[in-house]
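[1] structural data only, the sequence is not supplied:
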């Protein structure tokens, strides 16, 4: 297939992914979206969940956090606070993080802290979900 | 005339000081590398954020957000970013010198870092809030600050917000810099990548307007505060890089200075010691001649 999309995934810590892919599937605020080349320009919010990038017929699975997506016909730019490939997810660490975050939420927290903890809880849960879906 | 013992004591104390400053220099150097790379890894994100914002701005027509509305400035808030600890050369004093120039009556300060809070207290200026941040600034800490000033701005307590912080230029140079934070001027001017030069964005040839899901207000309503939070975070990271660099240089100077002092004191000590020996020899020979 000739037409490709340039997928870029960037987090504040690093550039996670930058490659030409044939298809991207992600969870937007209005639901799942499948994006092929020549998609109409869209800007939307990204919801934590699974993201699939297809390259050379192979699917690459990623767990992503909340963020923003900008889609043009040739490019998909994803800004998010977390992105990790399914293969790189450390399940034990994620379970640990999830437990810790749940325990922290039970305590009395300021709004700021609560937001941070909730975010890390979402991260952990998403990682687990994606990991368990693709366990080999 | 100091005795040899006095000089010896002074040499010892200067040596101790040199040892301490040397150690601090090493620690600062290690932390500096970390802080600098932390400030750098945010660049791609900042760049992409910039691009998205700029592109969104050019492709949406007549969009306005309350964070973007300029008002006549009566009251101004300044986020004063300093270090927590001293011994970093003129870094903080340079920042505070800039802060002194601001009108006392129309400026409220929001401080980040202990030194800034102390400064505002000492000079009896208006303090709206003081924040702290850790050695490795976290996004949540930046978000707290940024959210606070956004609230102030939206409530109309202040009409503009600036940030005054030590911009990291290189290891030897940090300059106090003021950047406008709110209102967000042109979206395209949002310099989320604090250090990167304003980039000429390739003019998009496509004239098609972006679709927003669910709609413009929601997306930009999320994107704008987020970019502000991110900008704040970058500034904290940069301040840390500045702090560690400044401290390293200051401590290096102190160590070099101490070594210089030790050298001249040792010279003086040896001179004195030799003079004493000569004097004693002289006394012995005179005594011998008197007896003989």
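    Alright, I've got the coordinates. Worth saying up front: this structure is predicted, and the values here are computed from it rather than measured.

[2] give the contact list for the closest residue to chain A within chain B.
    Proximity of chain B to chain A (C-beta to the nearest C-beta) peaks at residue B:213, 4.0 Å away. For glycine as for every other residue, the C-beta is placed from the backbone atoms N, C-alpha and C. Counting by C-beta atoms under 8 Å, 6 or more residues apart in numbering or on different chains, residue B:213 touches A:28-30, A:42-45, B:219.

[3] just the buried residues of the residues you listed.
    With burial judged by 16 or more other C-beta atoms under 10 Å in any protein chain shown, the buried subset of the contacts of residue B:213 is A:28-29, A:42-45, B:219.

[4] mind listing what residue A:52 touches?
    Contacts of residue A:52 by C-beta under 8 Å, 6+ apart are A:23-26, A:59-62.

[5] again, but for residue B:170
    residue B:245 are the contacts of residue B:170 under C-beta under 8 Å, 6+ apart.

[6] what about residue 130, how many residues nearby?
    Answering for chain A, as no chain was given. For residue A:130, the count of nearby residues is 22 (other C-beta atoms under 10 Å in any protein chain shown).

[7] nope, chain B
    Neighbour count for residue B:130, taken as other C-beta under 10 Å: 18.

[8] which other helices and strands does the helix or strand where it lies contact?
    Using DSSP states H and E, residue B:130 maps to strand B:126-131. With contacts taken as 3 or more C-beta pairs under 8 Å, 6 or more residues apart in numbering or on different chains; DSSP states H and E, strand B:126-131 sits against strand B:107-112, helix B:114-122, helix B:139-155.

[9] the residue nearest the centre of chain B and residue A:41, how far apart?
    Nearest to the geometric centre of chain B sits residue B:239, at 3.3 Å (C-alpha atoms, centre = their mean). The spacing between residue B:239 and residue A:41, counted by C-beta to C-beta, to the nearest Å, is 37 Å.

[10] do residue A:77 as well
    For residue A:77, the distance to residue A:41 - C-beta to C-beta - is 11 Å.

[11] any shared contact partners between those two?
    Common neighbours of residue A:77 and residue A:41, using C-beta under 8 Å, 6+ apart, are residue A:71.

[12] for the helices and strands packed on strand B:126-131, please prepare TSV with the additional fields mean neighbour count.
    As requested, the helices and strands packed on strand B:126-131 are exported to TSV (neighbours: other C-beta atoms under 10 Å in any protein chain shown):
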stretch	mean neighbour count
strand B:107-112	23
helix B:114-122	19
helix B:139-155	19
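
[13] just put the ones you listed in TSV and tack on distance to chain A and mean pLDDT.
    Formatted as TSV, these follow (distance: least, C-beta to the nearest C-beta, whole Å; pLDDT from 0 to 100):
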stretch	distance to chain A	mean pLDDT
strand B:107-112	14	92
helix B:114-122	18	92
helix B:139-155	4	88
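
[14] nearest to residue B:281, of the ones you listed?
    helix B:114-122 (57.6 Å; C-beta to C-beta).

[15] packing partners of that closest one?
    strand B:76-81, helix B:91-100, strand B:107-112, strand B:126-131.

[16] give me whichever of these is most buried.
    Comparing these by mean neighbour count (mean count of other C-beta atoms under 10 Å in any protein chain shown), strand B:76-81 comes out on top with a mean of 25.

[17] now do that one: distance to the chain's middle.
    Strand B:76-81 has its C-alpha centroid displaced from the chain centroid by 14 Å (C-alpha atoms, centre = their mean, to the nearest Å).

[18] same thing with stretch B:279-292?
    Here the centre of stretch B:279-292 is set off from its chain's centre by 66 Å, with C-alpha atoms, centre = their mean.

[19] may I have the beta-bridge partners of the residue nearest the centre of chain A?
    What sits nearest the mean C-alpha location of chain A, by C-alpha atoms, centre = their mean, is residue A:64, with 1.5 Å. Beta-bridge partners recorded for residue A:64 (DSSP bridges): residue A:49, residue A:83.

[20] ok, now which ones touch it?
    A:9, A:26, A:46, A:48-51, A:78, A:80, A:82-84, A:126.

[21] reformat the residues you listed as TSV; add neighbour count and pLDDT.
    Converted to TSV, those look like this (neighbours: other C-beta atoms under 10 Å in any protein chain shown; pLDDT from 0 to 100):
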residue	neighbour count	pLDDT
A:9	28	90
A:26	26	90
A:46	23	90
A:48	21	88
A:49	19	87
A:50	18	88
A:51	27	90
A:78	26	90
A:80	22	88
A:82	22	85
A:83	22	87
A:84	21	86
A:126	25	83
